[in-house]
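Student: Have a look; sequence and predicted model below, questions after that.
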Amino acid sequence: MSPTELRTKVSGKEGRNWVRQGLLLVALSWQVVAGQSQELTANANGAVLFNTYCAACHLLKQKQVGPSLIEIAAIHKDNPQGIVDWAMNPGKKRPDTIQMPPMNYVGADNLKSIADYILSTTEGMEMSDIEVSEETVTSIEKPARPRVQRVFMPDAGPASVAVALPGSISYCWDAGSCSLRYFWQGDFIDAWPVWKGNGNGLSRILGEREFETSDVSPFHINGQLAESSKFLGYRLRNGSPEFHYELDGVRFREWIQPLPNDGGIRLIFETDGVGESLVWKPEGRESENLLAGYKIESNRGSAVDGGGWKWNAAEARFFHITIKTPQQEFAVGPFDE
Ligand code: HEC
């Protein structure tokens, strides 16, 4: 079976159960998100937290699994604490939907920022602004991209983030090793198993995994494989996360964007400088080379033997890495049997 056929098959499973599609559940506390607040205003922080923990089930104007933010704001007008209390310990009110899972692991302070964000973003809106249309159903099955979810992902560290990019590519980024672990094409994720298992299950990827790397950072700084990684948080740039982290004391910013026609992804890096050189040389996850066939390019620097790229001190301040999927290179050819 060709990879293309496989893909179609996997993504064809999507419409199983719309409630499940909506349940992209975030299972544990993620203090690092809160830790980034020095870099963000209080309100932007509320938006980031809302996006990470609540947006899977709550839209601004439409019902999606849970009520719209307009409805929530109408119930808890001038009362952010009411939103916090509900989220810590949700009741069962609406007969036509599931019970909301408790969000106490997000923490009362973070929930307060989220509540303030919900009330400020809906200011001036009325119940009559709520949209009820065919689109409500569509948006449940095909959620607006991009999306960021903090979830347990297969073959990645416990502090992983799943991100849906514009188009049909999504990726898994590991906040433990501070590196991309894999990407896939198709639909996003089904986190129902995580939720059902009280945080013990793994999300299911709705597509075929691509470019699977090992659990160590692919960066070598001044000739040494980076040993320590420290995740500092992320901010949203055009709706996609820009990750901030340190590798052996060097600060990195990493922003991932899709290539045209879903032909792969581009990693856009900024660093605060290395003494001599920076090398990016990813290892595949298993002994079989899961990275073979991908075309790696950069806007500067030079290729290194065995697949990878190298930049000098000046080039290492700002550079791109482009990963093209094999399908881009061989539309018909060795991959089709
Ligand atoms: C897995 C889906 C899901 C997630 C994630 C989720 N909610 Fe909900 N939420 C629901 C559902 C479903 C309801 C309606 C439950 C009911 O009426 O019984 C609801 C209702 C609410 C209400 C209305 C309470 C009322 O008084 O009627 C508030 C407030 C709320 N959610 C806040 C939040 C916040 C804040 C977050 C993020 C920290 C969040 N929710 C995350 C599904 C979710």
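Tutor: That came through fine. Residues are numbered from 1 along each chain as shown.

Student: Could you list the contact residues of the chain toward the ligand?
Tutor: By C-beta under 6 Å from any ligand atom, the residues of the chain that approach the ligand are 23, 25, 53-54, 56-58, 65-67, 72, 75, 83, 86-87, 92-94, 97-101, 103, 106, 111, 114. Heads up, the C-betas are built off the backbone N, CA and C, glycines and all.

Student: can you give me the helices for the stretch 51-200 of the chain?
Tutor: Applying DSSP state H, counting those that start in this stretch to the stretch 51-200 of the chain gives helices spanning 69-75, 80-88, 108-121, 134-141, 192-196.

Student: just the buried members of the residues of the chain next to the ligand?
Tutor: Among the residues of the chain next to the ligand, those buried by neighbour count (16 or more other C-beta atoms under 10 Å) are 23, 25, 53-54, 56-58, 65-67, 72, 83, 86-87, 97, 100-101, 103, 106, 111, 114.

Student: While we're on residue 288, how confident is the model there?
Tutor: Looking at residue 288, its pLDDT is 64.

Student: can you check residue 265 too?
Tutor: On the pLDDT scale, residue 265 gets 96.

Student: How about residue 79?
Tutor: 96.

Student: Please save the CA atoms from stretch 166-185 in PDB.
Tutor: The C-alpha trace of stretch 166-185 is given here as PDB (Å, rounded to 0.1, in the frame of the first residue of the first chain):
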ATOM      1  CA  PRO A 166      -3.200  25.800   8.700                       C
ATOM      2  CA  GLY A 167      -3.700  23.200   6.000                       C
ATOM      3  CA  SER A 168      -3.700  19.500   6.900                       C
ATOM      4  CA  ILE A 169      -0.300  19.000   8.700                       C
ATOM      5  CA  SER A 170      -0.100  18.700  12.500                       C
ATOM      6  CA  TYR A 171       3.000  18.100  14.600                       C
ATOM      7  CA  CYS A 172       4.100  16.800  18.000                       C
ATOM      8  CA  TRP A 173       6.600  18.900  19.800                       C
ATOM      9  CA  ASP A 174       8.300  17.600  23.000                       C
ATOM     10  CA  ALA A 175       8.800  20.200  25.700                       C
ATOM     11  CA  GLY A 176      11.100  17.800  27.600                       C
ATOM     12  CA  SER A 177      13.800  17.500  24.900                       C
ATOM     13  CA  CYS A 178      12.600  20.900  23.300                       C
ATOM     14  CA  SER A 179      12.400  19.400  19.900                       C
ATOM     15  CA  LEU A 180      10.000  18.300  17.100                       C
ATOM     16  CA  ARG A 181       9.200  14.600  17.500                       C
ATOM     17  CA  TYR A 182       7.100  14.000  14.300                       C
ATOM     18  CA  PHE A 183       4.400  15.500  12.100                       C
ATOM     19  CA  TRP A 184       1.500  14.000  10.300                       C
ATOM     20  CA  GLN A 185      -1.100  14.800   7.600                       C
END
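
Student: quick one: low-confidence ranges for the stretch 201-337 of the chain?
Tutor: 201, 287-289, 327-337 (pLDDT under 70).

Student: quick one: average pLDDT of the longest strand seen in the chain?
Tutor: Criterion DSSP state E: the longest strand present in the chain is strand 179-190. In this model, strand 179-190 has a mean pLDDT of 90.

Student: swap in stretch 96-105?
Tutor: The average pLDDT within stretch 96-105 is 79.

Student: From the opening residue of that stretch to its closing one, how far?
Tutor: 26 Å (C-alpha to C-alpha, to the nearest Å).

Student: Quick check, residue 235 in contact with residue 244.
Tutor: Yes. Counting by C-beta atoms under 8 Å, residue 244 is a contact partner of residue 235 at 7.4 Å.
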